[in-house]
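Enquirer: I would like the atomic coordinates for the input below:
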Amino acid sequence: MHRDFEAAMSFLNEGDDYLVVSHVQPDGDAISSTLAAAWLLDRLGKRVVLANQDPVPDRLRFLSGSERILSLDSLAPDLRFKRIVAVDCADFKRIGQLSERFAEGAELLNIDHHPTNDAYGVCNLIVPEAAATAQILFELIAASGHALDAAAAELLYTGLLTDTGGFRYSNTDTRVMQTAARLLEAGADGYRIADRLLETMTLPQLKLLRLGLNRMEFRFDDRVCSMLITPEDMAEIGAAPEDLEGLVNYARNVEGVEAGVLLKGLRDGSVKASLRSGGTLDVAAIASAFGGGGHIRAAGCRLEDDVQIEALLSAIGEALEPR
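Expert: Numbers count the residues shown, from 1 in each chain. Okay, the predicted model is just below:
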């Protein structure tokens with residue numbers, strides 16, 4: 001078990017300088033957890049640098065402190081970090097090129113909620129039943145004795161909202177709702193956050209949705225639905241990677257579909273596959289077989305060619321329970 005909050009607090013108290021990182025192409029939970037970890041370190045009197053290989057998505061720039069998250073290129077070339085806090089990274093490689101800035105012998109605190117996390121830190125705070133990494137940070141901040149202010153509450157609420165699909169996914173349990181209530185009491189503006197993240201679409205998002213719906217393919221008696229978006233599509237539309245967020249859910253939400261798959265072509269010829277399950281199908285296990293991971297109902301992996309794409313889709317079909 002890797003859920004020792006006391007050990008995590010000891011790690012945060014022992015040093016003076018910290019780098020806080022999250023996974024490449026960060027989502028709402030990644031950004032909010034990065035900023036919440038920094039909020040706690042600030043109150044512990046630590047010097048903190050926040051960085052990510054990829055930029056903060058435009059739709060998340062309203063979060064307090066988001067301007068503190070630096071790009072890899074903005075870091076001094078010779079700068080190396082000895083104490084790292086990694087949030088929402090299911091495995092070490094998800095940190096990306098930023099790991100090249102870790103000093104030799106660097107020590108890392110790994111805070112995450114993915115069940116496929118392999119405990120790659122010297123200290124690991126992994127709570128698979130947590131709906132979001134932000135929920136773990138809520139409990140860590142409570143353990144620290146520091147009272148949440150409105151800004152921190154909004155950060156944590158954002159992570160909880162996005163990783164539960166607006167409190168609609170199966171990971172929305174009583175603990176989630178109790179945490180959300182505490183965050184609202186602390187000053188989070190739930191309406192403003194939900195309106196910004198769930199009710200507002202950019203024009204590129206709308207164009208990608210139209211394209212994805214037109215390209216839906218159904219397999220295995222219409223129980224699996226997939227969509228393909230190419231690099232050329234992204235360039236023609238002028239879309240950013242963040243504009244694809246949530247698109248795979250449209251494949252999953254079709255009546256009778258048990259697994260939705262979004263295939264996003266990358267410039268190097270590989271394909272990023274996002275998998276969603278609407279029932280008992282464990283897509284994390286399937287993604288793990290292809291070098292990926294995630295949650296039972298939401299996972300992803302990277303595929304090298306069309307052969308692997310077909311192998312993935314076949315693996316999904318084979319995993320379906322007989323009707």
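Enquirer: how distant is the longest strand anywhere in the chain from the center of its chain?
Expert: Longest strand of the chain, by residue count under DSSP state E: strand 102-112. Here strand 102-112 is found 19 Å from its chain centre; the criterion is CA atoms, centre = their mean, to the nearest Å.
Enquirer: tell me what that strand is packed against?
Expert: The contact analysis (3 or more CB pairs under 8 Å, 6 or more residues apart in numbering; DSSP states H and E) places strand 102-112 against helix 5-14, strand 81-87, strand 123-126, helix 133-144. Every residue, glycine included, has its C-beta placed from N, CA and C.
Enquirer: possible to save these as CSV with mean neighbour count, distance to residue 157 and mean pLDDT?
Expert: As requested, the helices and strands packed on strand 102-112 are exported to CSV (neighbours: other CB atoms under 10 Å; distance: least, CB to CB, whole Å; pLDDT from 0 to 100):
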stretch, mean neighbour count, distance to residue 157, mean pLDDT
helix 5-14, 16, 20, 97
strand 81-87, 24, 16, 99
strand 123-126, 22, 20, 98
helix 133-144, 22, 8, 98
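Enquirer: Let me have the ones you listed in CSV, adding distance to residue 42 as columns.
Expert: Formatted as CSV, the helices and strands packed on strand 102-112 follow (distance: least, CB to CB, whole Å):
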stretch, distance to residue 42
helix 5-14, 11
strand 81-87, 13
strand 123-126, 19
helix 133-144, 12
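Enquirer: tell me the angle the helix or strand containing residue 161 makes with strand 81-87.
Expert: According to DSSP states H and E, residue 161 maps onto helix 150-163. Helix 150-163 and strand 81-87 are oriented at 60 degrees to each other (axes from the mean of the first three to the mean of the last three CA atoms, to 10 degrees).
Enquirer: Show me what helix 150-163 is packed against.
Expert: helix 28-43, helix 133-144, helix 174-185, helix 190-198.
Enquirer: Convert the C-alpha atoms of stretch 78-92 to CSV, please.
Expert: Below are the C-alpha coordinates for stretch 78-92, written out as CSV (Å, rounded to 0.1, in the frame of the first residue of the first chain):
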residue,chain,number,x,y,z
ASP,A,78,22.0,24.0,-16.6
LEU,A,79,19.2,24.0,-14.0
ARG,A,80,18.7,20.6,-12.3
PHE,A,81,16.3,19.7,-9.5
LYS,A,82,17.0,17.4,-6.5
ARG,A,83,13.5,17.2,-5.0
ILE,A,84,10.5,16.5,-7.3
VAL,A,85,6.8,16.3,-6.7
ALA,A,86,5.0,14.5,-9.6
VAL,A,87,1.2,14.7,-9.6
ASP,A,88,-1.3,12.7,-11.7
CYS,A,89,1.5,10.8,-13.6
ALA,A,90,0.6,7.1,-13.9
ASP,A,91,4.2,6.3,-14.8
PHE,A,92,7.6,8.0,-15.0
